[in-house]
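A.B. asks: Build me a model:
(one chain, ligands or ions: 1)
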Amino acid sequence: MEKFDPENFVEGKTEELKRTIGDERALVAVSGGVDSTTCAVLTHRAVGDNLVCVILDDAFMREGEPQHVADTLSKPPLKVPMKIVDVREQFLGAMKGLRDAEEKRKRFRETFYQALSQTAKAEGCRILVQGTIRADIEETLGGVKTQHNVLEQMGINPVERFGFRVVEPLVPLYKEQVRLVARFLGVPREFSERQPFPGPGLSVRVVGEIRPDKLETVKKATAVVEHELLQHKPSQYFAVIIDNEEALRRSMVIHVQETVARVLNVPSRNVHVRIFRDRATGVKSGERRYGEIVGIKVQTMNEATHHADIQNLISLQKRIITENQMVARVFYAVRDTGEKKPYVIGIRAVQTRNFLTAQTSRIPWKTLNRTAEKVMEKCPNVSAVYYDVTPKPPATIEME
Ligand code: XMP
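C.D. replies: Prediction:
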């Protein structure tokens, strides 16, 4: 294959964008992720202020992110003007009451395009530019999951439905090539080198029902996890939130308890196992499926949480999932107060090259402990913090 040259790509695309957009007004929505940011900067280079750049504040971005992204991109060296459009109420209303991951994704996408359609009309834009990349299309066509920005491949006609035609300059590129283009265009490193952040934002990290206080809590926990784990450079790392509610699965609990005691060589009376009421996404034979989330806490003699070697925990999860095919996630307690508060937080950190498979990162216990302590300080409605020790497969990277 010919070596990818970002300069050639940028020059060619700039000319093409000038031709396809011409003197019309176009709209682009920027999330601060590498794809949409690169797409906006590239298109702005081609058509200047005919491009209207907006940040849809949909309530699912990270804490303080809309303002931060707007400030950074509007300033030199990029000087791409950004407007923040507040659509938080619209999104929170639309996502209310949904529990199923795929339904949430679909509703998010509908609401996103409705909001974009309203913004495009208000701004007099009949073109939407978006940063779809090759993997988004491949995953949607392959039935892995509905990427929220893929329309035509899903049989949706954007002109009829939303009143704009879609231009997608990054479609031929893989993620790494997008990063090369971003660097070439002078996009700040905090965007070009950033870990992936899914299009539907934190909605795919809230397991089960989305509620405003739950969303605020996962935002606070995300800020702590991103800050504390950065030093270990996992490929992707974040927080997820689940309701602190259990399912009644007596025989599964006993079975898992025995496995934990055997593999970690600890007395079974010190092992506490719970199966959460809500289930989460995993992958099996290339297909997404829902599975149980198992939470394990092992106490030491003096009532503290036992910090087993992460490698042993990885072997343990494998054993548990092989013996219990319904399980998709194994959570191991970093800190558990045992109190009945509304939520528990999971820390997820993985190493991966292509995001199709991923290994659990071996984060030192010192970091996990400090992270859990800070999460609990910032989130008084959280009763436990777990480390997700499940690789992909059988889990997905995100936890929906
Ligand atoms: P999963 O959870 O499927 O995630 O193992 C694999 C990678 O894809 C990212 N991801 C998304 N990226 N739009 C995106 O732009 C999405 O809808 C989306 N869903 C998952 C995820 O963060 C991980 O890097």
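
A.B. asks: What distance do you get for V218 to the ligand?
C.D. replies: Distance, V218 to the ligand, using Cβ to the nearest ligand atom, to the nearest Å: 14 Å. Every C-beta, even on glycine, is put in place using the N, C-alpha and C of the backbone.

A.B. asks: Disregarding flanking residues, what is the spatial nearest neighbour of that residue?
C.D. replies: Nearest residue to V218, sequence neighbours excluded (Cβ to Cβ, 6 or more residues apart in numbering): I241, at 4.1 Å.

A.B. asks: How about the longest strand seen in the chain and the ligand, any contact?
C.D. replies: As assigned by DSSP state E, the longest strand anywhere in the chain is strand 287-298. No. Using Cβ under 6 Å from any ligand atom, strand 287-298 never reaches the ligand; the gap is at least 7.5 Å.

A.B. asks: Next one: stretch 155-171, is it in contact with the ligand?
C.D. replies: No. Under the criterion of Cβ under 6 Å from any ligand atom, the ligand is not reached by stretch 155-171; the shortest gap measures 11.7 Å.

A.B. asks: average pLDDT for that stretch?
C.D. replies: Mean pLDDT, computed over stretch 155-171, is 91.

A.B. asks: now do the same end-to-end measure for that stretch.
C.D. replies: 17 Å (Cα to Cα, to the nearest Å).

A.B. asks: Skip ahead from whichever strand or helix holds H68 and say which helix or strand is next.
C.D. replies: According to DSSP states H and E, H68 maps onto helix 65-74. Next helix or strand after helix 65-74 toward the C-terminus (DSSP H and E): strand 82-86.

A.B. asks: how about that next one: buried residues?
C.D. replies: Neighbour-count burial for strand 82-86, with 16 or more other Cβ atoms under 10 Å as criterion, is recorded at 82, 85.

A.B. asks: before we move on, what about stretch 257-268?
C.D. replies: In stretch 257-268, counting by 16+ other Cβ under 10 Å, buried: 257, 259-261, 263-264, 266.

A.B. asks: which residues sit against the helix or strand hosting E16?
C.D. replies: Using DSSP H and E, E16 falls within helix 6-21. Contact with helix 6-21 is made by 42-43, 45-47, 50-51, 127, 129, 167, 169, 173, 177, 180-181, 183-185, as judged by Cβ atoms under 8 Å, 6 or more residues apart in numbering.

A.B. asks: Now the buried members of those.
C.D. replies: Counted by 16+ other Cβ under 10 Å, the contacts of helix 6-21 give 42-43, 45-47, 50-51, 127, 129, 167, 169, 173, 177, 180-181, 184-185 as buried.

A.B. asks: Report the separation between the residue nearest to V218 and R211.
C.D. replies: From I241 over to R211 the distance is 10 Å, taken as Cβ to Cβ, to the nearest Å.

A.B. asks: what about the lowest-mean-pLDDT helix or strand in the chain, distance to the chain center?
C.D. replies: Of all helical and strand segments in the chain, the minimum by mean pLDDT, DSSP states H and E falls on helix 134-141, at a mean of 82. Computed by Cα atoms, centre = their mean, to the nearest Å, the separation of helix 134-141 from the middle of its chain amounts to 16 Å.

A.B. asks: Would you indicate which residues of the helix or strand just after that helix are buried?
C.D. replies: Once the chain leaves helix 134-141, the next helix or strand it forms, by DSSP H and E, is helix 158-162. By neighbour count on 16+ other Cβ under 10 Å, the buried set for helix 158-162 is 158, 162.

A.B. asks: Surely S117 is in contact with E160?
C.D. replies: No. Assessed by Cβ atoms under 8 Å, S117 is found out of contact with E160, at 11.3 Å.

A.B. asks: quick revisit: and the longest strand of the chain, what does it pack against?
C.D. replies: Packing partners of strand 287-298 (3 or more Cβ pairs under 8 Å, 6 or more residues apart in numbering; DSSP states H and E): helix 250-264, strand 271-275, strand 280-284, strand 327-336, strand 382-388.

A.B. asks: Figure out which of the ones you listed is closest to A349.
C.D. replies: strand 382-388 (7.9 Å; Cβ to Cβ).

A.B. asks: Strand 327-336 and the helix or strand hosting F238, what's the angle between them?
C.D. replies: According to DSSP H and E, F238 maps onto strand 236-243. Note on geometry: by axes from the mean of the first three to the mean of the last three Cα atoms, to 10 degrees, strand 236-243 and strand 327-336 are set 90 degrees apart in direction.

A.B. asks: what residues does strand 236-243 touch?
C.D. replies: By Cβ under 8 Å, 6+ apart, strand 236-243 touches 195-196, 205-209, 214, 217-218, 221-222, 224-226, 229-230, 276-278, 280, 293, 342-350, 352, 355, 358, 361, 375, 388, 397-399.

A.B. asks: Show me which of those are buried.
C.D. replies: Buried subset of the contacts of strand 236-243 (neighbour count, 16+ other Cβ under 10 Å): 196, 205-208, 214, 217-218, 221-222, 224-226, 229, 276-278, 280, 293, 343-350, 352, 355, 358, 361, 375, 388, 397-399.

A.B. asks: if you skip the residues just before and after it, what's nearest to V263?
C.D. replies: L316 is the one closest to V263 (Cβ to Cβ, 6+ apart), at 4.6 Å.

A.B. asks: Run a quick neighbour tally on the one you found.
C.D. replies: 21 (other Cβ atoms under 10 Å).

A.B. asks: cool, and A135?
C.D. replies: A135 has 18 nearby residues by other Cβ under 10 Å.

A.B. asks: ok, now which ones touch it?
C.D. replies: 174-175, 355.

A.B. asks: same check, this time on V330
C.D. replies: Here V330 is in contact with 294, 296, 313, 316-317, 320-321, 388-390 (Cβ under 8 Å, 6+ apart).

A.B. asks: Between those, identify the one with the most neighbours.
C.D. replies: Taking other Cβ under 10 Å as the neighbour criterion, T390 ranks highest of the contacts of V330 with 30 neighbours.

A.B. asks: Quick check: the gap between it and the ligand.
C.D. replies: Taking Cβ to the nearest ligand atom, one finds T390 at 11 Å from the ligand.
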